Structure formats: C-alpha cells, structure tokens
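Participant: Based on what follows, work out the 3D shape:
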Amino acid sequence: MKIYKTILLIFTCILLAPINLNAQEKINQLDSKGRKTGVWKKYHSNNRIRYEGQFEADKEIGVFKYYSILSSEHPIIIKTFSKDNNIASVVYYKEDGTKESEGKMNGKIRVGKWVYYYPDGTLMIEENYIDGVLEGSYLSYFKNSKISEQLIYKNGKLDGNIKRYADNGTLLEDLHYINGVLNGQANYYNVDGKLIYTGAYENDERVGDWKYYNDGKN
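Facilitator: Numbering: from 1, shown residues only. Sure thing, here's the model as predicted:
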C-alpha cells in the first residue's frame with residue numbers, strides 16, 4: 001500500500017511538473033515581434049515585487065500595481081489602463097494603504113481632474129490639468145470640508161479672481177492675478193469678515209491709494 005502511494009505521488013509530480021513550468025513560462029514573455037505580452041512582474045533589488053500587470057503588444061492593459069521597495073503588502077500606485085488609448089486612471093497610496101490622490105494620466109502626464117486627500121480620507125485639494133499643466137479651477141479645503149482657497153489657473157499660472165478663506169468660511173483675501181502676477185483690486189478681511197485694508201496692485205507692486213480700516217470702518 002505504501003509503495004502504491006509512493007508511486008502515485010511520483011507519477012503525480014511528474015504530470016504536474018510541465019504544468020508548473022508552463023505557468024512560469026507565461027510570465028515576462030515577448031511576442032514574435034519582441035513586444036511585451038501577457039503577465040509581467042518585475043522586482044526591486046531586494047527581491048520585493050516592483051510591479052505586476054499585463055501587456056498586449058507592448059501596451060499596458062487593465063490593472064497595474066506598483067510597490068515600494070520597502071513593502072509589498074499594499075501597492076503605492078494602482079493604474080488602470082484603457083485598451084483604446086494611453087489614458088490611465090491612477091490612484092496613489094501611502095505604504096499603509098491610505099489613499100493620497102487620484103486622477104488620470106496620459107503616459108506620465110497628468111490630465112483632467114486630480115483629487116488629493118488628508119490622511120483620514122477627507123478631501124484636501126481638487127485641481128485640473130491639460131497636458132500636465134494646471135488649468136482652470138483649483139480648490140483646497142480645510143479638514144472640516146470648508147474651502148481654504150479658490151483659485152483659477154491658466155497655462156500653469158494664477159489668472160483671474162482668487163479667494164482665500166478662514167476655516168469658519170469667512171473670506172480673508174479677494175485678489176486678482178494676470179499671468180501669475182498680482183494686478184488689479186485687492187481686498188483683505190479679518191477673521192470676522194470685516195474689511196481691514198484695500199487697494200490695487202500692478203505687476204505685483206502696490207499702486208495708488210490704499211485704505212485701512214478699523215473694525216470695518218475707514
């Protein structure tokens with residue numbers, strides 16, 4: 001009986017060996033044109049996994065997971081690639097799995113809306129990109145979810161009316177930028193929302209008469 005079990009075990013191992021070999025052969029493969037295909041895994045110098053995902057004709061397909069050299073417990077980046085274009089949905093994490101930010105990338109360039117989070121998951125920043133350059137609305141938030149800054153970007157520079165607030169929602173600054181430079185009317189308020197001084201800027205320099213207020217009164 002023992003001899004029979006031993007023979008059966010050996011026979012089973014012989015049968016499974018080619019299967020395991022074939023499974024290994026399916027990792028990190030190239031097609032007939034030398035392009036990455038199928039499942040790929042790469043490792044850091046300390047043998048911890050660096051990334052894992054699937055290629056089709058050298059193009060990333062579906063979900064790719066990227067890991068820190070310090071830990072392989074949770075990916076620090078997860079990218080979900082489209083089959084039809086180079087746009088990927090991207091989520092960044094800390095090593096403990098806490099989500100830091102998410103948005104879309106075209107290759108290595110940020111595009112569209114990006115969102116950032118406080119460690120507790122509360123929304124911290126919302127911003128927008130065109131070809132890796134900040135464009136349009138930018139909102140930052142206090143941890144109590146009230147708006148901290150309300151900015152507008154054009155070609156990566158502040159442009160237009162911007163506002164900054166206290167954590168109770170009170171407006172503190174109401175300014176105007178042109179091409180990243182302060183220009184135009186500027187109003188500053190205290191935490192009670194009362195005007196404390198007002199004037200104008202030209203090319204980042206104060207110009208003209210500035211008025212100062214005590215308890216909101218001139």
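Participant: Next secondary structure element downstream of the helix or strand bottoming out on mean pLDDT in the chain?
Facilitator: Here the helix or strand of the chain ranked lowest by mean pLDDT, DSSP states H and E is helix 2-25, holding a mean of 51. Next along the chain after helix 2-25, taking DSSP states H and E as the criterion, comes strand 29-30.
Participant: How far does that next one sit from its chain's centre?
Facilitator: 30 Å (Cα atoms, centre = their mean, to the nearest Å).
Participant: ditto for stretch 187-196
Facilitator: 34 Å.
Participant: Can you give me the buried ones in it?
Facilitator: Asn187, Tyr188, Tyr189, Leu195, Ile196 (16 or more other Cβ atoms under 10 Å). In short, each C-beta sits where N, CA and C put it, glycine included.
Participant: gap between the two ends of that stretch?
Facilitator: 8 Å (Cα to Cα, to the nearest Å).
Participant: residues in contact with it?
Facilitator: 166, 168, 170-175, 197-198, 212-213, 215-216 (Cβ atoms under 8 Å, 6 or more residues apart in numbering).
Participant: Just those: which are in strands?
Facilitator: Leu171, Leu172, Glu173, Asp174, Leu175, Tyr197, Thr198, Tyr212 (DSSP state E).
Participant: Now which of those residues would you call buried?
Facilitator: Leu171, Leu172, Asp174, Leu175, Thr198.
Participant: picking that back up, and the contacts of stretch 187-196, which is closest to Gly112?
Facilitator: Leu175 (26.8 Å; Cβ to Cβ).
Participant: hang on, that closest one packs against Leu182?
Facilitator: Yes - contact between Leu175 and Leu182 holds when scored by Cβ atoms under 8 Å: they sit 6.3 Å apart.
Participant: Break this protein into its domains for me.
Facilitator: Domain assignment of the chain by the TED database yields the ranges 28-97, 108-217.
Participant: how about the ones you listed in a markdown table, adding mean pLDDT?
Facilitator: Converted to a markdown table, the domains of the chain look like this (pLDDT from 0 to 100):
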| stretch | mean pLDDT |
| --- | --- |
| domain 28-97 | 96 |
| domain 108-217 | 97 |
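Participant: Could you list every helix and strand in contact with whatever helix or strand Val115 lives in?
Facilitator: Val115 belongs to strand 109-117 when assigned by DSSP H and E. Packing partners of strand 109-117 (3 or more Cβ pairs under 8 Å, 6 or more residues apart in numbering; DSSP states H and E): strand 99-106, strand 123-130.
Participant: The first one versus strand 123-130: what angle between them?
Facilitator: Taking axes from the mean of the first three to the mean of the last three Cα atoms, to 10 degrees, strand 99-106 and strand 123-130 form an angle of 10 degrees between their directions.
Participant: circling back: show residues contacting the strand holding Val115.
Facilitator: Outside strand 109-117, the residues touching it (Cβ under 8 Å, 6+ apart) are 87, 99-105, 123-132.
Participant: What pairs with that strand, parallel or antiparallel?
Facilitator: strand 99-106 (antiparallel), strand 123-130 (antiparallel) (DSSP bridges).
Participant: For stretch 119-137, measure first residue to last.
Facilitator: 23 Å.
Participant: Repeat that for stretch 159-168.
Facilitator: For stretch 159-168, the end-to-end distance is 26 Å (Cα to Cα).
Participant: likewise stretch 95-112?
Facilitator: For stretch 95-112, the first-to-last residue distance is 26 Å (Cα to Cα).
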